[in-house]
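Asks: Return a 3D structure for these sequence lines:
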Amino acid sequence: PVLADISWDNSTATLTPRHQLEEGVRYSLTVDTSLTDVRGNPMEEPFLLTFTTAGTSDRTPPRLVSASPPAGSNVAPGGQVRLAWSEPMDRDSVEEAIWVSPMAVPTFSWSGQVLTVTLDGVELGRVYTINVDPTASDLAGNRVLEPYALRYLAAPDPAADRPFFYVEEWLETWWDLALLVAAISLLAVLAVVQARWGWRRVVLTAFAWVEERVRTARYLGEARRLYYAIDRQMPHTHAERYGAKTVWYWYPFYCLGGIAIVCFVILGVTGLVLSLYYVPSTEGSPSAAYRSVESIMEDVSFGFMFRAIHHWAANIMIAAVFLHMLRVYFTGAYRNPRELNWVAGVILLGLTLFYGFSGYLLPWNQLSYWAGTIGLEMARTVPVAGDWFAHLVFGGVELGAATLTRMYFFHVLFLPIATITLMVVHLIAVYIQGLAEPH
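Replies: Sure thing, here's the model as predicted:
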């Protein structure tokens, strides 16, 4: 019950609580039939109004701030995991969104914005995952942006599998300790070699040892003569013709194309590794695609590193290609006789952007979903052929399993073939026509 003061303005009654209402609590306002108008006519039926103190203007999605103990730790049977949220949550929706795999029945208790999950009936030695589906919402109805998956090992003692020598958070297994000892030993050996003989002497001795047995200098000389024999028969670039040997040192923006190619090679190598573990499927909740990305980050050796390198190489490649296009435009390198090469470069920029967009959708999380939704709506706005274009690229007018399949096809097959083909044509044209150096 809440005490409130009532003030009237003709037919409008304003209720002012005498005390501040509690945040995240649902209140009911009841008006019974004893209320009458000025003529003494009572209300025909009682009126019930239910409301909560959460503001309807809240559009900020909630997020899981922390888990205690953190994911990857050990939890004893009957142990508790505390999930702290960024704001008051709709408790029913959160509890319905949480499930544990392998099958286990969790129990819940709340303390403000902290949910305590008690794991009962778990088997020792098994890994359990606390999954939070994106249907969890706050009191204003805003859902979380992406699902969460927190993995724990059921063990009688949270510190049972830790080594004797343990440093919190970064040294948790004997394997980590072995790597640390090996790294320190290697640094010590390198320091002794440098102090005793010096690197120059060691390198020259090693080269002489190899040369005495395999005659590398002879084969390198033959390879060099073969290179010059072929190079003399090829057309020379503008820089070679006029002896402009220092263009790369004085104009670093001329290296942007090379940077993009290096990033493309890195993307190919890391993408090949990631494709061995990625599953392009939307089945399940969360989807198989999302779970495979999660497995890459947590279970695959150095999977997180390969994904991070892939991510940053993609960003650098897009930036390098875009800056390369600006350099070509502002130096006038698109003019006669390089018009066709300029067109090929613009197409390569479009392919690079589509590369990034298709890769953005592959994790199939909330960010992927909304990015795909924006792209789909943009495709449908194309005059006349909008829906046809949406079916071709996204597999329909709504996002679904066909969307992920098409994006995976574009990302790993169509785009690499098209990009490599145009890149070869682009480089051959640059070699024949020469660089448009700034005169």
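Asks: Next SSE downstream of the helix or strand bottoming out on mean pLDDT in the chain?
Replies: When each helix and strand of the chain is scored by mean pLDDT, DSSP states H and E, helix 247-250 comes last, with a mean of 48. Sequence order places helix 256-275 as the next helix or strand after helix 247-250, per DSSP states H and E.
Asks: and that following helix, what does it pack onto?
Replies: In terms of contacts (3 or more Cβ pairs under 8 Å, 6 or more residues apart in numbering; DSSP states H and E), helix 256-275 is packed against helix 303-330, helix 415-433. Quick note: C-beta positions are derived from backbone N, CA and C, even for glycine.
Asks: Residue 51 falls within a strand, correct?
Replies: Yes. Under DSSP: H, G, I helix; E, B strand; the rest coil, residue 51 falls within a strand.
Asks: could you pull out the strands for the stretch 1-150 of the chain?
Replies: Remark: strands assigned in the stretch 1-150 of the chain by DSSP state E, counting those that start in this stretch are 4-9, 12-17, 26-31, 47-52, 64-68, 74-75, 80-85, 98-101, 105-111, 114-120, 127-132, 148-154.
Asks: possible to save those strands as TSV with mean neighbour count, mean pLDDT and distance to residue 351?
Replies: Listed next are the strands of the stretch 1-150 of the chain as TSV, based on neighbours: other Cβ atoms under 10 Å; pLDDT from 0 to 100; distance: least, Cβ to Cβ, whole Å:
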stretch	mean neighbour count	mean pLDDT	distance to residue 351
strand 4-9	9	84	65
strand 12-17	10	84	61
strand 26-31	11	80	53
strand 47-52	11	75	50
strand 64-68	14	87	37
strand 74-75	18	82	47
strand 80-85	18	90	42
strand 98-101	16	86	39
strand 105-111	13	87	47
strand 114-120	17	88	46
strand 127-132	19	86	37
strand 148-154	19	84	34
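Asks: Any chance of those in TSV with distance to residue 200 as columns?
Replies: TSV is the format used below for those (distance: least, Cβ to Cβ, whole Å):
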stretch	distance to residue 200
strand 4-9	88
strand 12-17	83
strand 26-31	78
strand 47-52	76
strand 64-68	53
strand 74-75	51
strand 80-85	57
strand 98-101	59
strand 105-111	64
strand 114-120	61
strand 127-132	52
strand 148-154	51
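Asks: To residue 308, which of these lies closest?
Replies: Closest to residue 308 of the strands of the stretch 1-150 of the chain is strand 148-154 (Cβ to Cβ; 18.8 Å).
Asks: And for that closest one, what's in contact with it?
Replies: Contact with strand 148-154 is made by 64, 67, 69, 71-77, 81, 119, 122-132, 161, 286, 291, 294, 298, as judged by Cβ atoms under 8 Å, 6 or more residues apart in numbering.
Asks: cool, and stretch 333-352?
Replies: With Cβ under 8 Å, 6+ apart as the contact definition, stretch 333-352 has outside contacts at 260, 317-318, 321-322, 324-325, 327-328, 415, 418-419, 422-423, 425-426, 429-430, 433, 436.
Asks: So among those, which ones count as buried?
Replies: With burial judged by 16 or more other Cβ atoms under 10 Å, the buried subset of those is 260, 317-318, 321, 324-325, 327-328, 415, 418-419, 422-423, 426, 429-430, 433, 436.
Asks: mind exporting stretch 21-40 as PDB, just the C-alpha atoms?
Replies: This file holds the C-alpha atoms of stretch 21-40, laid out as PDB (Å, rounded to 0.1, in the frame of the first residue of the first chain):
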ATOM      1  CA  LEU A  21       7.900   4.700  -5.300                       C
ATOM      2  CA  GLU A  22      10.300   1.800  -5.400                       C
ATOM      3  CA  GLU A  23      12.100   1.200  -8.700                       C
ATOM      4  CA  GLY A  24      11.100  -1.900 -10.600                       C
ATOM      5  CA  VAL A  25       7.900  -2.600  -8.600                       C
ATOM      6  CA  ARG A  26       4.500  -3.100 -10.100                       C
ATOM      7  CA  TYR A  27       1.600  -1.200  -8.500                       C
ATOM      8  CA  SER A  28      -2.200  -1.400  -8.900                       C
ATOM      9  CA  LEU A  29      -4.600   1.500  -8.600                       C
ATOM     10  CA  THR A  30      -8.200   0.500  -7.800                       C
ATOM     11  CA  VAL A  31     -11.300   2.700  -7.900                       C
ATOM     12  CA  ASP A  32     -14.300   1.000  -6.400                       C
ATOM     13  CA  THR A  33     -18.000   1.700  -7.000                       C
ATOM     14  CA  SER A  34     -18.400   4.000  -4.000                       C
ATOM     15  CA  LEU A  35     -17.100   6.900  -6.200                       C
ATOM     16  CA  THR A  36     -20.000   9.100  -7.300                       C
ATOM     17  CA  ASP A  37     -20.400  12.100  -9.500                       C
ATOM     18  CA  VAL A  38     -21.900  15.500  -8.300                       C
ATOM     19  CA  ARG A  39     -25.400  14.100  -8.800                       C
ATOM     20  CA  GLY A  40     -24.700  11.100  -6.600                       C
END
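Asks: ok now that stretch, how far from the chain's centre?
Replies: Offset of stretch 21-40 from its chain centre (Cα atoms, centre = their mean, to the nearest Å): 50 Å.
Asks: Residue 21: which of the helices and strands packed on helix 256-275 is closest?
Replies: helix 303-330 (45.3 Å).
Asks: orientation of the helix or strand just after that closest one relative to helix 303-330 in degrees?
Replies: The C-terminal neighbour of helix 303-330 among helices and strands, as given by DSSP H and E, is helix 339-361. Comparing the axes of helix 339-361 and helix 303-330 via axes from the mean of the first three to the mean of the last three Cα atoms, to 10 degrees yields an angle of 150 degrees.
Asks: Just give me how far helix 339-361 sits from the chain centre.
Replies: From the chain centre to the centre of helix 339-361 is a distance of 21 Å (Cα atoms, centre = their mean).
Asks: now stretch 133-151
Replies: Centre-to-centre, stretch 133-151 and its host chain are 18 Å apart (Cα atoms, centre = their mean).
Asks: mind listing what's buried in it?
Replies: Across stretch 133-151, burial judged by 16+ other Cβ under 10 Å covers 133-134, 136-140, 142-144, 146-151.
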